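Student: model the following, please.
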Amino acid sequence: MPQFRLTQISDTHLARRFKPLIDNFHRVSEHIHATRPDLVVNTGDVSFDGPAGRDDAEFAKGLHDALPVACRYLPGNHDIGDNPTAIGAPPTQPPTDETRGAFISVLGEDRWHFDAAGWCFIGLNSLIMNTGLDSEAEQFDWLAGVLDKAVGMPVALFLHKPLFLNLPDDAERAETAIRFVPQPARRRLIEMLGKVDWRLVGSGHVHQRRDYTFEHVRHVWAPSAGFVISDARQEVIGIKETGLVEYQFQPDSFEVRHVRAKGQVDVDLDMLLDKEPA
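Tutor: Numbering: from 1, shown residues only. Next comes the predicted model:
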């Protein structure tokens, strides 16, 4: 029976100036060298500050290139900017054609799909949703074509932002709206996926580990591989720890394993920023 092993890492936030985050990535790298999955997917915030320039993304790409298996990437808000929401303040750095283009030039396509072990795997750029950029409409058109070909196959979706907290129509709050795929793009995406055998969505962004099932779809939030956020900055809605997620797919089934690499440390964001060079 064919099997496909995928390791998801997220929110690595890599930059030359943050040694604790580099050290955590090295621990993750050692774990991947030992386990040798078929593919590594980084679900966003690959770099610490992608919109400021290419250096953080290029540095992050170099570290990923040293892994013993192929990698695919998806953009996070720290890579290309944050998408606007129906409520809450406008983002200080929204995604642009330029920031998206810079991500693609360094890390590769910001959306992708492939088939393995009888599954259809889809990666989406969740940060261009609700932006009105041409690439948003292009991505939805592309997704419709992919889903047409996925009929009869189980589907696994990966993206940076979780779709929602508990329910698809959760009321948005100004202080937390940026955590999830914004409306109305969220509703459109869920309606499109409802036409296929959608079974899994893997995301990151929140820096908390969470795993729940809603209407036969398992929602797995990968923790940050790099750092945790204090309770003073962010409410507890999952498990605040650094780590990664391992998946094993077989035709018509999959398993999830929540993992913490040996030696990985819960770097605190406040302490990290306090030590940042002036």
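
Student: and the strands in the stretch 51-200 of the chain, which stretches?
Tutor: 71-73, 112-116, 119-123, 154-158, 197-203 (DSSP state E, counting those that start in this stretch).

Student: residue ranges with poor pLDDT in the stretch 51-200 of the chain?
Tutor: Applying pLDDT under 70 to the stretch 51-200 of the chain flags residues 174-175.

Student: so for stretch 8-19, mean pLDDT?
Tutor: Across stretch 8-19, the average pLDDT comes to 97.

Student: buried residues in that stretch, which are they?
Tutor: Buried residues in stretch 8-19, counted by 16 or more other Cβ atoms under 10 Å: 8, 9, 10, 11, 12, 13, 14, 15, 18. Yep, even glycine has a C-beta here, placed from its N, CA and C like the rest.

Student: who touches the third one in this structure?
Tutor: Translated: residue 10. In this structure, residue 10 makes contact with 42-45, 76, 160, 203-205, 222-225, 244, judged by Cβ atoms under 8 Å, 6 or more residues apart in numbering.

Student: do the same with the fourth one
Tutor: By Cβ under 8 Å, 6+ apart, residue 11 lies in contact with 43-45, 76, 204-205, 207, 222-227.

Student: thinking again about what came up before, which single one of the contacts of residue 10 is nearest to residue 172?
Tutor: residue 205 (15.4 Å; Cβ to Cβ).

Student: check the offset of the helix or strand harbouring residue 25 from the chain's centre.
Tutor: In the assignment (DSSP states H and E), residue 25 maps to helix 19-35. Offset of helix 19-35 from its chain centre (Cα atoms, centre = their mean, to the nearest Å): 18 Å.

Student: contacts for it, please.
Tutor: Helix 19-35 is contacted from outside by 5, 7, 9, 12-16, 40, 48, 63, 66-69, 225-227, 242, 244, 246, 259, 261-265, 267, 272, using Cβ under 8 Å, 6+ apart.

Student: which of the residues you listed are buried?
Tutor: With neighbours counted using 16+ other Cβ under 10 Å, the contacts of helix 19-35 contain these buried positions: 5, 7, 9, 12-15, 40, 48, 63, 67, 225-227, 242, 244, 246, 259, 261, 264-265, 267, 272.
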